[in-house]
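Engineer: Here is a sequence together with a model predicted from it:
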Amino acid sequence: MTTTDELVIENDVMVPMRDGVRLRTDIFRPAGPGPYPVLVQRYPYTPRDGIAAMFAQVIARQGYVVAVQSCRGRYGSEGEFHPFFPDVEDGYDAVEWAAAQPWSTGRVGMWGMSYSGFSQWAAAIARPPHLVAIAPFTCSWDWNESTWYYAPGVLHLGLALSWSGLMTTEEAARRGVPSPLPGFAAAGRIMDERGLGDPAKLAEMVRLEAEGTRGMLDRRPLRDVEELRELAPWFREWCDREDGKAPYWQPISAAAHADDIDLPVFHLAGWYDFFAKGNLEAYTALSQHGVTERTRTGQRLVVGPWNHNCGQLRPDADANAGLFVDFGPEAPVMRFFAHHLKGGLPGYEEQEPPVRLYVMGDNVWREEREWPLARTQWTPYHLHNTGGDRGLSVHPPADELPDEYVYDPSDPVPGSIRTGATYNDPVDLDAVARRSDVLVYTTPPLTAELEVTGPVTLELWASSSVENTDFTAKLVDVFPDGTAVPVCQGIVRTGHGVTEPRTPGTAYRYEIGLWSTSTVFKPGHRVRLDISSSEFPTFDLNPNTGERITHATSDRTVPATQRVFHDERHPSRLILPVIPR
């Protein structure tokens, strides 16, 4: 135990679960007599002297007890680690244990990002009676189209593979065996040493993860990667599911248990985070269709210009947009907890708008009353090809011939390891635009500001020479100097249990969700849409053979001739959520 004038810190408290397994927990509490409301964080990463411990002390000084708990099988906790599934019962038990301690008022909240967010949703499914409010940052509440599956049938391969590789480090240490992935072990050490707070160390960690992931991508079948087989067996389980709707995921899907979740929730997301879709869907569902009025009015949403790694921004964003890591007394998340755990803030529900968005391009924070915005004008931008010039226009097409490209899975369009944005694992979008297998449609330079805030959708009419294939889409902001900045992206898969196999050569209408954004295309900028059939390894590769690369025993692929239609019968169009200026 460590005691200062302000805090009492108890490390390595072993908290019993219902099955007798004990989980290592660090307790940070004010030095006064209390009792205090409690904030619980549960996650599988190193707790000692890490970012969680640093923030825990900041929060504890504001009159909370903070309990940082390692998941079972991780960093001194007993039991075997398996992602997510044990967190339903363990989360319940941790909350109820915290509520029963002499320093506790019995009012318990949960907080944290990424896995710590998932573990909150898992606990909420179990409905511990003393859980009052949660704050899941940068995570999804569902497993379909927002977590390990970017779209139905499409594994978010770079994320699933790199995260599983990172998690082998502690498991190897726990078993007393050498790490099979030394690059990931080095990345893990950077995380253990608070490296996420140092841009240079973070960049090195990202490089090591990307390098280690690329070393596994050419294995076949991918589900049987040797380095993960023993230390991360869940990767095989994820590969064996077609998408996040599989029954496998339902016990830990908060979306599937929405009718049981009666909690105020502080949702925090980043426009460039790969879990943002789930954050936004959870806010929309609970604020509009919550179980009780308490649920509906208790939702708060903050979305900033971040990716998953906390604060790497667009090149034109305000470098001071650091709300993500602000846990001071006036930070929105701490006002949320003060209101729900300490007896209420006057006027909080009635006067403070529930939605706070960072509008990129304008580089300002803006408060709103709902999401999506009620004043949205859903505006179609039609695809055109006139005289060889591909463009985007609000005017519908006439008789135009389709555009054509050959998708060769042996030479896929490069994507980043963790996310489609360029900030984790840079991708040269100019080089991508010059590829023969990428169709680029661009507006003329804009003469007025164009604000796009909300979910973006592409209605695509396309055909393929094969029965099973993919189509991808990416929205890009092109600056006057030619700099291309990604905005949002999406993918759709045919066959593979997602749709019936398509008749080769026949045009079908596909709806591709590019997820959501808030950005202002400034005068002189151009709106660009890239269409292709791969983004590897962001998404798992479609070999066009009817197989999945996770299960294929060879690297056989089949090139496909893809056609994109834009005529009166097949008006391919990009639907932008335009906000009047």
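Structural biologist: Yep, it's here. Numbering: from 1, shown residues only.

Engineer: show me the contacts for residue 98.
Structural biologist: Residue 98 sits next to 38, 40, 65, 67, 104, 108, 130 when contact means C-beta atoms under 8 Å, 6 or more residues apart in numbering. Every C-beta, even on glycine, is put in place using the N, C-alpha and C of the backbone.

Engineer: Helix or strand: which one has the closest residue in space to the fifth one that isn't next to it in sequence?
Structural biologist: The reference is to residue 104. Nearest non-adjacent residue to residue 104, counting by C-beta to C-beta, 6 or more residues apart in numbering: residue 38, 5.1 Å away. Element membership for residue 38, per DSSP states H and E: strand 36-43.

Engineer: mind checking how far that strand is from the chain centre?
Structural biologist: From the chain centre to the centre of strand 36-43 is a distance of 23 Å (C-alpha atoms, centre = their mean, to the nearest Å).

Engineer: That one pairs with which strands?
Structural biologist: strand 65-70 (parallel), strand 104-113 (parallel) (DSSP bridges).

Engineer: Name the surrounding residues that touch the first one.
Structural biologist: Contacts of strand 65-70 with the rest of the structure, by C-beta under 8 Å, 6+ apart, involve 15, 23-30, 34, 36-44, 47, 52-53, 56-57, 59-60, 76-77, 94, 98, 101, 103-104.

Engineer: Run through the strands of the stretch 451-581 of the chain in chain order.
Structural biologist: Ranges of strands in the stretch 451-581 of the chain, per DSSP state E, counting those that start in this stretch, are 470-478, 484-493, 508-521, 526-532, 560-565, 573-579.

Engineer: Bridging across strands, which residues link to residue 574?
Structural biologist: Beta bridges link residue 574 to residue 381, residue 458, judged by DSSP bridges.

Engineer: and it, what is it in contact with?
Structural biologist: Contacts here follow C-beta under 8 Å, 6+ apart; on that basis residue 574 touches 380, 381, 382, 383, 392, 456, 457, 458, 459, 475, 529.

Engineer: check contacts around the closest residue to the first one other than its chain neighbours.
Structural biologist: Of all residues beyond its chain neighbours, the one nearest residue 380 is residue 573 (4.2 Å), with distances taken as C-beta to C-beta, 6+ apart. For residue 573, the contacting residues are 380, 381, 382, 383, 458, 459, by C-beta under 8 Å, 6+ apart.

Engineer: picking up where we left off before, need the strands of the stretch 451-581 of the chain in CSV (columns: distance to residue 147 and mean pLDDT).
Structural biologist: Putting those into CSV (distance: least, C-beta to C-beta, whole Å; pLDDT from 0 to 100) gives the following:
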stretch, distance to residue 147, mean pLDDT
strand 470-478, 19, 97
strand 484-493, 15, 94
strand 508-521, 13, 96
strand 526-532, 24, 98
strand 560-565, 28, 98
strand 573-579, 23, 98
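
Engineer: Redo those as JSON lines? Include distance to residue 410.
Structural biologist: Putting the strands of the stretch 451-581 of the chain into JSON lines (distance: least, C-beta to C-beta, whole Å) gives the following:
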{"stretch": "strand 470-478", "distance to residue 410": "15"}
{"stretch": "strand 484-493", "distance to residue 410": "18"}
{"stretch": "strand 508-521", "distance to residue 410": "24"}
{"stretch": "strand 526-532", "distance to residue 410": "15"}
{"stretch": "strand 560-565", "distance to residue 410": "12"}
{"stretch": "strand 573-579", "distance to residue 410": "29"}
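
Engineer: For residue 354, find the nearest of those strands.
Structural biologist: Checking those against residue 354 by C-beta to C-beta gives strand 508-521 as the closest, at 15.7 Å.

Engineer: What angle do strand 560-565 and the closest one make with each other?
Structural biologist: Counting by axes from the mean of the first three to the mean of the last three C-alpha atoms, to 10 degrees, strand 508-521 points 70 degrees away from the direction of strand 560-565.

Engineer: For stretch 229-240, give me every contacting residue.
Structural biologist: Stretch 229-240 is contacted by residues 82-83, 148, 155, 160-161, 164-165, 167-168, 171-172, 175, 180, 222-225, 228, 248, 548, 550-551 when judged by C-beta under 8 Å, 6+ apart.

Engineer: tell me the average confidence for that stretch?
Structural biologist: In this model, stretch 229-240 has a mean pLDDT of 94.

Engineer: now swap in stretch 246-264 and tell me
Structural biologist: The predicted model assigns stretch 246-264 a mean pLDDT of 92.

Engineer: Please apply the same query to stretch 269-286.
Structural biologist: Per-region confidence: stretch 269-286 scores 93 on mean pLDDT.

Engineer: can you offset everything so residue one is 58?
Structural biologist: Will do, 58 is the new start, and the previous item becomes stretch 326-343.

Engineer: Report the buried residues of stretch 152-171.
Structural biologist: Neighbour counts over stretch 152-171 (16 or more other C-beta atoms under 10 Å) mark 152-156, 158, 160-162, 164-171 as buried.

Engineer: pLDDT on the strand holding residue 95, on average?
Structural biologist: 97.

Engineer: if we can go back for a sec, can I get the contacts of residue 630 in JSON lines including distance to residue 362 and neighbour count?
Structural biologist: What follows is the contacts of residue 630, written out as JSON lines (distance: C-beta to C-beta, whole Å; neighbours: other C-beta atoms under 10 Å):
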{"residue": "437", "distance to residue 362": "26", "neighbour count": "17"}
{"residue": "438", "distance to residue 362": "23", "neighbour count": "21"}
{"residue": "439", "distance to residue 362": "29", "neighbour count": "19"}
{"residue": "440", "distance to residue 362": "28", "neighbour count": "29"}
{"residue": "515", "distance to residue 362": "23", "neighbour count": "25"}
{"residue": "516", "distance to residue 362": "27", "neighbour count": "17"}
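
Engineer: residue ranges with poor pLDDT in the stretch 58-207 of the chain?
Structural biologist: 58, 105-107 (pLDDT under 70).

Engineer: Format the strands paired with strand 93-100 as a markdown table; extra columns: distance to residue 197.
Structural biologist: Shown next, in a markdown table, are the strands paired with strand 93-100 (distance: least, C-beta to C-beta, whole Å):
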| stretch | distance to residue 197 |
| --- | --- |
| strand 122-127 | 21 |
| strand 161-170 | 12 |
